[in-house]
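> When you get a sec, could you give me coordinates for this:
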Amino acid sequence: EIVAHCGTAPRGLTPSDVPLSGLDQAQLDGLGLDPAQVEEIYPLSPMQQGMLFHSLQDAGSGIYVNQLSVEIGGLDGGRLRAAWQAVSDRHAILRTGFLWQGLPGGAQQVVHRRVAVPFVAADWRGRPVDAGALQAAAEAERAAGFDLAQPPLQRVLLIRLDDNRHHLIWT
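Residues are numbered from 1 along each chain as shown. Now for the predicted structure:
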């Protein structure tokens, strides 16, 4: 009867599911997370705590937002999208968000089991493209910012310039 109950009852997170978090049952319940989506929860390192503090203190500054912008030739956009997703699936840090509000013991990082990487493929063929237009696209991506509680904390914009060239902006 116990096994049958456990197999049919709604599943919730318990402190034993995420022992590194140090959270009690009431705190876990208060997070409102979908247990099926949570792989792990644990506290931030001191460096992460400092970065989170400065990100929140200087909200909108993009102080810790990094960006790579590069032209690539001979690329298959579909394969790049699949590879980017595979890397995110493999590495927990790329599926991590941060929670801090209402947590008495300090901020926690929540590793999700699976997140879809925002990957936008734009086709700019037939349109005059100069460095200014690409810079404006990169600045728009940077300005969009991130909700630190919602992973993934990355985005990809792949701009097709012509039949053989793409411009990649990873934020």
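
> Quick check: residue 57 vs residue 15, distance?
31 Å (Cβ to Cβ, to the nearest Å). Every residue, glycine included, has its C-beta placed from N, CA and C.

> So which of these two has more stuff around it?
Between residue 57 and residue 15, residue 15 has the larger neighbour count (other Cβ atoms under 10 Å), namely 14 against 9.

> Assumed that one was part of a strand.
No - with DSSP: H, G, I helix; E, B strand; the rest coil as the criterion, residue 15 is located in coil rather than a strand.

> Surely it and residue 23 touch.
Yes - counting by Cβ atoms under 8 Å, residue 15 does reach residue 23; the two are 6.4 Å apart.

> Tell me the spacing between residue 34 and residue 112.
Taking Cβ to Cβ, one finds residue 34 at 9 Å from residue 112.

> got a list of what residue 33 touches?
13, 110 (Cβ atoms under 8 Å, 6 or more residues apart in numbering).

> cool, and the one 10 residues further on?
Contact partners of residue 43, counting by Cβ under 8 Å, 6+ apart, are 20-22, 105-109.

> CSV for these, including pLDDT?
Below are the contacts of residue 43 laid out as CSV (pLDDT from 0 to 100):
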residue, pLDDT
20, 95
21, 95
22, 93
105, 82
106, 89
107, 95
108, 97
109, 97
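
> Please identify which of those residues is nearest to residue 73.
Distance to residue 73, by Cβ to Cβ, is smallest for residue 109 among the contacts of residue 43, at 37.3 Å.

> beta partners for the closest one?
Going by DSSP bridges, residue 109 is paired in beta bridges with residue 42, residue 98.

> Tell me if I'm right that it and residue 95 touch.
No - with contact defined as Cβ under 8 Å, residue 109 does not reach residue 95; the gap is 10.3 Å.
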